[in-house]
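Novice: Need a 3D model of the sequence below.
(one chain, ligands or ions: 1)
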Amino acid sequence: MAFPITRLRRLRRNETLRSLVRETRLTPESFVYPLFVCPGQGIRKEVRSMPGVFNLSVDEAVKEAHETHALGIPAVILFGLPEKKDEAATGAWSDDGIVQQATRAIKREVPDLLVIGDVCLCEYMSHGHCGVVRESGTHSLGAAAAPPVSATFEIDNDASLDILARTAVSLARAGVDIIAPSDMMDGRVSAIRKALDENTLTHTPILSYAAKFASGFYGPFREAADSTPQFGDRRSYQMDGANVREALHEIALDVEEGADMIMVKPALPYLDVIAAARARFDLPLAAYQVSGEYAMIDTAARNNWIDRDRVMMESLISIRRAGASIILTYYAKEAAKLLA
Ligand code: PBG
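Specialist: Purely as a prediction, here's the structure:
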């Protein structure tokens, strides 16, 4: 039936009506808040490209954890800025690594808050890549031998798996509740699952960054986590932004390998991938509203070109509407306050 019998505006007349017929809702229970942990004491250093986001020493991260929990947000995801980087990513898997320390402190002080451990090597490798770097067809490179941008190098997939698995075990032992590999090496989910199980960590779930695209939107994160590759880029392991069928293939493989939850990243430029993943898979589906998405909204809002709160909520609801049940976002606390 068409106009004049049908008038869709009837249900838009006031907020109560609009709320009654609203199809999608945001709740703080679906948010995950990212924290960047650094060495030291009493440190709270704002990330230049992400106003409102900080590098935090462990004591300050614990304060954030308290606040996050008090706002009804169930989880934080931790990224680490190690004391020093090397060619073995020692800071990723050592027992006194910065994320391990932060995890122990947060689980001691705020036991009900879930701690998700991002498993990747880029923050801990001197070259800034997510896996082990080799000059094409040769041995592993020493730190001093990092080649110029033009040199041919490759990321050794299988050699990286051991370090990733070792990192996952170390994090789970420190008390991390969920392991979230973001490196995009092939076979990392099964390598991590196997290592966890062999170490009696059978109950620790894996949230796989299953479809992670090689994205320009990660720019500000690389400043926040000091993880910019020193040469080359990540296109040989992260996905090509043109591919949705390949994303579904990536996700299917991670599910087969034992992922308990899956993620699409970034979020806003890949809403179609989120929707396709939702239609195809029944596992809990997460999406990561990444640093560049945050920085764009923030910069426009600072110039009064857009209304910050409105655009923040609109971007978050669009990610929910596309089908993500979990949203990793730097806006977690602010959005939770607005929803309260
Ligand atoms: C680590 C990792 C990255 C992000 C999350 N985990 C950076 C990258 O892959 O370069 C990006 C998150 C963001 O931009 O907010 N590999």
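Novice: Just give me how far the helix or strand containing Asp118 sits from the chain centre.
Specialist: Assigned by DSSP states H and E, Asp118 falls within strand 114-119. Centroid separation between strand 114-119 and its chain, computed with Cα atoms, centre = their mean, to the nearest Å, is 9 Å.
Novice: That one pairs with which strands?
Specialist: Its sheet considered, strand 114-119 pairs with strand 75-80 (parallel), strand 178-181 (parallel) by DSSP bridges.
Novice: Go through the ones you listed and name the closest to the ligand.
Specialist: Of all the strands paired with strand 114-119, it is strand 75-80 that lies closest to the ligand, at 6.7 Å by Cβ to the nearest ligand atom. C-beta: built from backbone N, CA, C; applies to glycine.
Novice: Is Arg134 in contact with Asn157, as I believe?
Specialist: No. Using Cβ atoms under 8 Å, Arg134 is not in contact with Asn157; the gap is 10.5 Å.
Novice: related to what we said a few turns ago, can you put the strands paired with strand 114-119 in CSV and add distance to the ligand?
Specialist: Below are the strands paired with strand 114-119 laid out as CSV (distance: least, Cβ to the nearest ligand atom, whole Å):
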stretch, distance to the ligand
strand 75-80, 7
strand 178-181, 9
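Novice: wait, does the strand or helix carrying Ile192 contact the ligand?
Specialist: Using DSSP H and E, the element containing Ile192 is helix 188-198. No. Using Cβ under 6 Å from any ligand atom, helix 188-198 stays clear of the ligand, with a minimum separation of 11.9 Å.
Novice: Could you number the chain from 46 rather than 1 from now on?
Specialist: Understood, numbering begins at 46; the last thing we discussed is helix 233-243.
Novice: Let me know the angle separating that helix from strand 159-164.
Specialist: 120 degrees (axes from the mean of the first three to the mean of the last three Cα atoms, to 10 degrees).
Novice: quick one: contacts of helix 233-243?
Specialist: Helix 233-243 is contacted by residues 164, 205-207, 209-211, 213-214, 217, 224, 226, 247, 249, 251, 253, 298-299, 302-304 when judged by Cβ atoms under 8 Å, 6 or more residues apart in numbering.
Novice: List only buried entries from those.
Specialist: 164, 205-206, 209-211, 213-214, 217, 224, 226, 249, 251, 253, 298-299, 302-304 (16 or more other Cβ atoms under 10 Å).
Novice: Looking at these, which are in helices?
Specialist: Members of these lying in helices (criterion: DSSP state H): 205-206, 209-211, 213-214, 217, 298-299, 302.
Novice: so can I have a markdown table of those residues showing pLDDT?
Specialist: As requested, these are arranged in a markdown table below (pLDDT from 0 to 100):
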| residue | pLDDT |
| --- | --- |
| Ser205 | 96 |
| Leu206 | 97 |
| Leu209 | 97 |
| Ala210 | 98 |
| Arg211 | 98 |
| Ala213 | 98 |
| Val214 | 98 |
| Ala217 | 98 |
| Leu298 | 98 |
| Asp299 | 98 |
| Glu302 | 98 |
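Novice: could these go into a markdown table alongside distance to the ligand?
Specialist: Shown next, in a markdown table, are those (distance: Cβ to the nearest ligand atom, whole Å):
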| residue | distance to the ligand |
| --- | --- |
| Ser205 | 12 |
| Leu206 | 15 |
| Leu209 | 11 |
| Ala210 | 16 |
| Arg211 | 17 |
| Ala213 | 14 |
| Val214 | 19 |
| Ala217 | 18 |
| Leu298 | 19 |
| Asp299 | 16 |
| Glu302 | 19 |
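Novice: Now do the same contact list for the residue of the stretch 146-295 of the chain found nearest the ligand.
Specialist: Going by Cβ to the nearest ligand atom, the ligand is nearest to Phe266 of the stretch 146-295 of the chain, at 3.1 Å. Residues in contact with Phe266 (Cβ under 8 Å, 6+ apart) are 272, 335-337.
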